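**Q** Model the following, please.
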Amino acid sequence: TQVIAPTRELDLPLVDLRALSEDARAAAMHDVSQLGKYPFDLAQGPLLRFALLRVTDNEYLLVTTMPHIISDGWSLDLIYRELQALYPAVCAGRPSHLPELPIQYADFANWQRQWLNDDVLEVRLGYWKQQLDGAPAVIELPTDRPRPAVQSQRGAYQSMTMSRRVTEKLKTLSGDEGCTLFMTLLAAFQTLLSRYARQDDICVGTPIANRNHPQIEGLIGCFVNTLVMRSDLSGNPSFRDLLRRVRPVALDAYDHQDLPFEILLK
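**A** Model prediction:
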């Protein structure tokens, strides 16, 4: 199999897999997937890596790799949409112009530095420091093995699908309490954590798109921020009572979402 290593140039290597056996083809595709394990040089670039696999005469697979520092989930959707617009246009020999952007990411970064002056920063930091004052450092969940001395960051995920009937009931409950479905699911998750950890003070970090200006909705870049949702489950509240506690916490967090989480961590 042919192993592709990153280069200093923003190129598009082509790997022809047509002559390989099924096992060898799978191994070659695994080799290309390892591009994400190579570190990026943020000072020198490039910050995008591509590889094009020719699987059959008419089937190709494009592999893209990029660091989180230049993109987020919203950006990936933009990239895919632009590729879907450009590819058929190029194949058909048609003009492939994308709509002109009102600003660039560098404009946003410059605006953010200017906006986060001392006065604004003090107000935003003041809110979050007050909100998180005395918050528990960890959630003491019972585990079937000791915590490792050094955190590996090698996590896992668990997915589940709720039935349409349950989903509709959750939406109805959310509407009755003036909550979004996210708030309701957050309250349920915090209830679960509280029961397992036997803690009343539960903090959950959640990502937010942080694109609260129309001009930046079409930009590719890392805008995502992390918000800490801290809920008080003391007094064994009913679930509806808990929703009435979670809702203002979430709304206040959204109002203060523009403070970068990394600044709060300092």
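**Q** what's around residue 238, how many residues?
**A** By the criterion of other Cβ atoms under 10 Å, residue 238 has 8 neighbours. No exception for glycine: its C-beta is placed from N, CA and C like everyone else's.
**Q** so what's residue 60 up against?
**A** For residue 60, the contacting residues are 52, 53, 54, by Cβ atoms under 8 Å, 6 or more residues apart in numbering.
**Q** Just the buried subset of the residues you listed, please.
**A** When those are checked for burial by 16 or more other Cβ atoms under 10 Å, the buried set is residue 53.
**Q** mind listing which of the contacts of residue 60 are in helices?
**A** Among the contacts of residue 60, no residue falls in helices (DSSP state H).
**Q** I'd like the contacts of residue 60 laid out as a markdown table, including distance to residue 100 and pLDDT.
**A** Below are those laid out as a markdown table (distance: Cβ to Cβ, whole Å; pLDDT from 0 to 100):
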| residue | distance to residue 100 | pLDDT |
| --- | --- | --- |
| 52 | 28 | 86 |
| 53 | 33 | 88 |
| 54 | 34 | 89 |
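**Q** Return the member of the contacts of residue 60 nearest to residue 141.
**A** residue 53 (41.5 Å; Cβ to Cβ).
**Q** Mind listing the residues bridging to the closest one?
**A** Following DSSP bridges, residue 53 is listed with bridge partners residue 15, residue 61.
**Q** Next one: it from residue 60, what distance?
**A** Using Cβ to Cβ, to the nearest Å, we find residue 53 at a distance of 7 Å from residue 60.
**Q** How about residue 79?
**A** 17 Å.
**Q** and residue 81, that's in a helix?
**A** Yes: counting by DSSP: H, G, I helix; E, B strand; the rest coil, residue 81 falls inside a helix.
**Q** dump the residue contacts of it.
**A** By Cβ under 8 Å, 6+ apart, residue 81 lies in contact with nothing.
**Q** so what's it scoring on pLDDT?
**A** Looking at residue 81, its pLDDT is 92.
**Q** what about it, distance to residue 50?
**A** Residue 81 is 17 Å from residue 50, by Cβ to Cβ.
**Q** If anything else comes up later, I'll come back, but that's it for now.
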